[in-house]
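Peer 1: okay, here's the prediction I keep looking at, along with the sequence it came from:
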Amino acid sequence: MVTPSEGGARRSRVVQLVLLEGSRLAVTAMIVAAVAVLTYALIRLGVLAVGPSSSIPTMLGSGGLAGLVTLLTITLSINQLTLSRLFGSPDSLSDRLEGTLDFRRSVEELAGEHESPNDPGDFLALVARTLRDEVDGLAEAVEGGESAGEFEPFTAAVADYADGLAEVGGSDSTVDVLSMLLGPAYADNMTVALGLQRAHGDELGAAASDRLARVVDLLQAIAISRQFFKTIAVQQDLARLSRRLIYSGLAAVVAVIYLTLAYTSSSVTLPSAYLPVVVTVVITLLVVPLAQISSTLLRVATVSMYSVSVGPFVPPEERSG
């Protein structure tokens with residue numbers, strides 16, 4: 001028997017897959033399959049008319065084609081949005097590159113490494129391992145001191161947080177890396193760290209003070225990484241969406257034109273026995289571009305909603321998610 005808590009966990013996992021972690025092609029396929037099954041069932045039940053006197057030609061010939069033309073406009077807008085982030089003057093591109101290199105150098109200095117990985121998952125894992133080492137050193141440095149009781153919950157929470165982030169090492173998906181960074185955990189830890197730094201900075205020894213400062217720097221590096229990886233993930237999703245819309249939109253336009261021409265003023269050139277299947281296929285093809293837009297924008301909107309904050313200010317919506 002499935003307990004309520006297990007059922008809730010499964011529903012939460014399904015929602016997470018649909019909104020964020022699941023393949024966008026799989027989510028699109030689910031939407032398209034549901035529309036196809038519903039359409040065919042309604043035709044067979046007689047709820048939808050597909051015979052010679054139906055409104056199929058008018059609906060597809062005007063509304064369907066107009067909708068597909070609108071999708072072409074959306075595709076162009078998506079391309080412009082994506083390309084606007086890729087193009088720039090030499091000065092702006094140089095500043096962007098230098099800023100990225102400075103950030104990587106600061107992380108390498110904190111980690112004591114000569115170079116950091118280019119892969120987002122491995123880079124985040126390096127930051128997480130370094131954070132775990134620093135927070136362990138902080139726990140040892142303050143052990144036995146007057147403020148040890150205040151530091152203990154913080155060091156335990158950050159250690160758990162770092163262990164979770166370290167699991168993304170070797171991941172081949174930027175979205176998987178980003179999903180580990182969503183939510184308010186980094187901001188909560190940063191707020192506590194800054195509070196401890198202000199409250200006990202003067203009384204801490206040199207070793208503990210240095211460790212705490214490095215923990216703060218690493219939490220800030222996680223905040224920056226989160227925003228940068230979000231930019232990469234959204235750009236990749238929009239670029240894939242643009243390409244897929246071209247393919248599916250072309251197929252849908254051709255199918256709509258062919259089916260519209262199959263209807264005359266008083267008859268249909270196709271055998272009536274085939275009409276339910278043919279109409280279902282054409283309507284399904286017409287829905288594919290919309291399903292692709294829906295599945296992609298679901299993830300883009302989810303990522304945007306739950307990664308709005310760049311510092312210790314966290315909107316209630318991000319915290320509740």
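Peer 2: Cool, got the structure.
Peer 1: just give me the neighbour total for the spatially closest residue to residue 300 that is not a sequence neighbour.
Peer 2: Nearest residue to residue 300, sequence neighbours excluded (Cβ to Cβ, 6 or more residues apart in numbering): residue 234, at 5.5 Å. Where C-beta positions appear, they are placed from N, C-alpha and C, glycine not excepted. A count of nearby residues for residue 234, using other Cβ atoms under 10 Å, gives 22.
Peer 1: now do the host helix or strand of residue 234, average pLDDT.
Peer 2: Assessed by DSSP states H and E, residue 234 sits inside helix 206-262. The pLDDT scores in helix 206-262 average 89.
Peer 1: output the contacting helices and strands for that helix.
Peer 2: Applying 3 or more Cβ pairs under 8 Å, 6 or more residues apart in numbering; DSSP states H and E, we find helix 206-262 packed against helix 24-44, helix 65-86, helix 90-111, helix 120-142, helix 148-166, helix 174-179, helix 185-200, helix 275-305.
Peer 1: contacting residues for residue 79?
Peer 2: residue 242 (Cβ atoms under 8 Å, 6 or more residues apart in numbering).
Peer 1: so residue 148 sits right up against residue 138, yeah?
Peer 2: No - in this structure residue 148 lies outside contact range of residue 138 using Cβ atoms under 8 Å: 10.6 Å.
Peer 1: please parse the chain into its domains.
Peer 2: For the chain, automatic domain parsing gives the domain ranges 23-86+235-320, 90-229.
Peer 1: low-scoring stretches of the stretch 1-150 of the chain, by residue?
Peer 2: Applying pLDDT under 70 to the stretch 1-150 of the chain picks out residues 1-9, 82-83, 85-88.
Peer 1: how near is residue 131 to residue 251?
Peer 2: For residue 131, the distance to residue 251 equals 48 Å [Cβ to Cβ, to the nearest Å].
Peer 1: now residue 198
Peer 2: Taking Cβ to Cβ, one finds residue 198 at 61 Å from residue 251.
Peer 1: who's more crowded, these two?
Peer 2: Higher neighbour count among residue 198 and residue 251: residue 251, with 14 against 9, using other Cβ under 10 Å.
Peer 1: so who does that one touch?
Peer 2: By Cβ under 8 Å, 6+ apart, the neighbours of residue 251 are 285, 288.
Peer 1: so how far is residue 283 from it?
Peer 2: 13 Å.
Peer 1: got the angle for the helix holding residue 234 vs helix 24-44?
Peer 2: Relative orientation of helix 206-262 versus helix 24-44 (axes from the mean of the first three to the mean of the last three Cα atoms, to 10 degrees): 30 degrees.
Peer 1: what distance separates helix 206-262 from the centre of its chain?
Peer 2: 6 Å (Cα atoms, centre = their mean, to the nearest Å).
Peer 1: surely residue 193 touches residue 215?
Peer 2: Yes - Residue 193 is within contact range of residue 215, at 5.7 Å (criterion: Cβ under 8 Å).
Peer 1: what do those two both touch?
Peer 2: With Cβ under 8 Å, 6+ apart, residue 193 and residue 215 have common neighbours residue 158.
Peer 1: before we move on, back to that, ok, residue 148 and residue 138, which is more surrounded?
Peer 2: Between residue 148 and residue 138, residue 138 has the larger neighbour count (other Cβ under 10 Å), namely 27 against 13.
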